[in-house]
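[1] structural data only, the sequence is not supplied:
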């Protein structure tokens, strides 16, 4: 190879290496929070277009030294709790808010799996991230767009039945069948005018039936099926004490991740807007996730984002917004530009707005937008030492 060509190749390789090394040079020096945890803050107005006031807080995590977990508010599905409260209870180094939820009662409104237990289902595919945690191993992650629904299956006198579950760990409706897990609460928190089957044991079997009572205690090693009404239709009316019941999850995944990856994941966190997957910039969220441009993707809001860069470092990002003199927030195009600056190969937009909260060492470091102060949320992502 001619010496001149070789010199050019060496120069190009060196330049690319420098770009990689300088990935976060624009962020300045970080604050070292703990081994494997660095906090960056930036007010770089070129992060938004047109430029304006912006405040962004970024946690860079070395996954050889720390791990992340999904954490429920108050360790239950019912109700909500501030992110700093969740972090304090879980003795976390840091935390951010996570999935979308009903602000009236704190219930998750999309896919949520915590500690191996599915605690919220949905038929609407949205951006999700699965966490795989094997003892002693570095965590693995899958980013995709997915939904999941649950079926109950049982036999009576050799006749098989499959019944669709209308909701997991959520408010029961008239004529609907709900599944309540131990993660939900100590009881079903239901009113009377319903029929509830208590299942326990291994394998799960119906151990008792409660009619017109409500608030059925949930066995720690079992579940409760709850129907909104006193005359459940067939084949539910077949369920009698001693009947064995199994449950099956059906995943709908839009971008090819095998369903068993989500089925075997310890945690699955929901968002709205898969930004990057496998190094590919995502788009067309209106079609894939029914996200509305005029109110959500094309409008600046406070945002929370989780992502992984090309080197395998994880980033948790909180972006303040709705505060004209402090920070205007970001739209999705600006989020994608931020992902590019950080060289993120996978990134998911989490719940934002008044929920956007970052906690470091028990202190809220960003400025949440709600006038009443930091919002209570349904679940959070917590950072802990490995």
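    Yes, it's here. The structure presented is a predicted model; accordingly, all values stated were derived computationally and were not measured.

[2] in contact with residue 285, which residues?
    273-274, 291, 297, 332 (C-beta atoms under 8 Å, 6 or more residues apart in numbering). All C-beta atoms are positioned from the backbone trio N, CA, C, and that covers glycine.

[3] how about it, phi and psi?
    phi -70, psi -20 (degrees, to the nearest 10).

[4] then residue 157?
    Dihedral angles for residue 157 - degrees, to the nearest 10 - are phi 50, psi 50.

[5] ditto for the one 5 residues further on
    Per-residue torsions, residue 162: phi -130, psi 130 (degrees, to the nearest 10).

[6] so what's it bridging to?
    Under DSSP bridges, the beta-bridge partners of residue 162 are residue 153.

[7] and the contacts of residue 285, which two are the farthest apart?
    274 and 297 (11.8 Å; C-beta to C-beta).

[8] more neighbours: which of the two?
    residue 274 (26 against 20; other C-beta atoms under 10 Å).

[9] pLDDT score for the residue lying closest to that one once chain neighbours are set aside?
    Leaving aside its chain neighbours, residue 274 sits nearest to residue 127 (3.6 Å; criterion: C-beta to C-beta, 6 or more residues apart in numbering). Looking at residue 127, its pLDDT is 98.

[10] kindly confirm my reading that residue 127 forms part of a strand.
    Yes. Residue 127 sits within a strand when classified using DSSP: H, G, I helix; E, B strand; the rest coil.

[11] do I have it right that it meets residue 289?
    Yes. Contact criterion C-beta atoms under 8 Å: residue 127 and residue 289 qualify, at 6.4 Å.

[12] when these two are compared, which one has more neighbours?
    residue 127 (28 against 22).

[13] do a quick rundown of the helices in the stretch 51-200 of the chain.
    83-89 (DSSP state H, counting those that start in this stretch).

[14] where do the strands sit along it?
    Listed in chain order, the strands of the stretch 51-200 of the chain (DSSP state E, counting those that start in this stretch) span 56-61, 66-72, 94-97, 112-114, 117-120, 122-132, 140-156, 159-164, 167-168, 177-180, 195-200.

[15] pick the most deeply packed of those.
    Across the strands of the stretch 51-200 of the chain, averaging neighbours per residue (mean count of other C-beta atoms under 10 Å) puts strand 94-97 on top, at a mean of 28.

[16] about what we covered before: need the overlap of contacts for residue 127 and residue 289.
    Listed contacts common to residue 127 and residue 289 are 145, 272-274; contacts here mean C-beta under 8 Å, 6+ apart.

[17] including pLDDT, could those go into TSV?
    Formatted as TSV, those follow (pLDDT from 0 to 100):
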residue	pLDDT
145	98
272	97
273	98
274	98
